[in-house]
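Asks: Sequence isn't available, so here's the structure alone:
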């Protein structure tokens, strides 16, 4: 089953690339849509201010990323999952929308969410 799935995925991507190349649409590779660009992990390991959110989202856009992953780390000054934390997450999402970027929230904060109990 795994071999069939692998073969099907390879065939799909080969057909997709063939379509792009045959239509001379190489601009897809020069300026790919946000869904095909990198998403850096943005470590939240200090005080996250409104000004920092605005500036960092602008920097991600200027660097050509398709978005970012908010990744809470040791050192976050505000309470994880607290009111101020969610204010900043909401602000980051709104700023990302202004710049047409994708946002992911890495929600584990040092504790695995899916592997507890084996």
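Replies: That came in fine, so what should we check first? Because the structure is a prediction, the values reported are computed rather than measured.

Asks: So which residues of the chain form strands?
Replies: Along the chain, the segments classed as strands by DSSP state E run 41-44, 67-72, 102-106.

Asks: Which among these is found nearest to residue 11?
Replies: When the strands of the chain are compared by C-beta to C-beta, strand 102-106 sits nearest residue 11, at 27.3 Å. The C-beta positions use only the backbone N, C-alpha and C, and glycine is treated the same way.

Asks: Distance from that closest one to the middle of the chain?
Replies: Taking C-alpha atoms, centre = their mean, to the nearest Å, one finds strand 102-106 lying 5 Å from the centre of the chain it belongs to.

Asks: Now residue 70: closest residue in space that isn't a chain neighbour?
Replies: Distance criterion C-beta to C-beta, 6 or more residues apart in numbering; nearest residue to residue 70, sequence neighbours excluded, is residue 105 at 5.1 Å.

Asks: okay, the strands of the chain in TSV with mean pLDDT, mean neighbour count and distance to residue 87 next?
Replies: Formatted as TSV, those follow (pLDDT from 0 to 100; neighbours: other C-beta atoms under 10 Å; distance: least, C-beta to C-beta, whole Å):
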stretch	mean pLDDT	mean neighbour count	distance to residue 87
strand 41-44	94	19	13
strand 67-72	93	20	13
strand 102-106	92	14	14
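
Asks: Relative to residue 3, which of those strands is closest?
Replies: Residue 3 lies closest to strand 102-106 among the strands of the chain, at 31.1 Å (C-beta to C-beta).

Asks: now for that closest one, which elements pack on it?
Replies: Helices and strands touching strand 102-106, by 3 or more C-beta pairs under 8 Å, 6 or more residues apart in numbering; DSSP states H and E, are strand 67-72, helix 83-98.

Asks: could you give the angle of that strand to helix 83-98?
Replies: Interaxial angle of strand 102-106 relative to helix 83-98 (axes from the mean of the first three to the mean of the last three C-alpha atoms, to 10 degrees): 150 degrees.

Asks: Lowest average pLDDT across the helices and strands packed on strand 102-106?
Replies: Lowest mean pLDDT within the helices and strands packed on strand 102-106: strand 67-72, a mean of 93.
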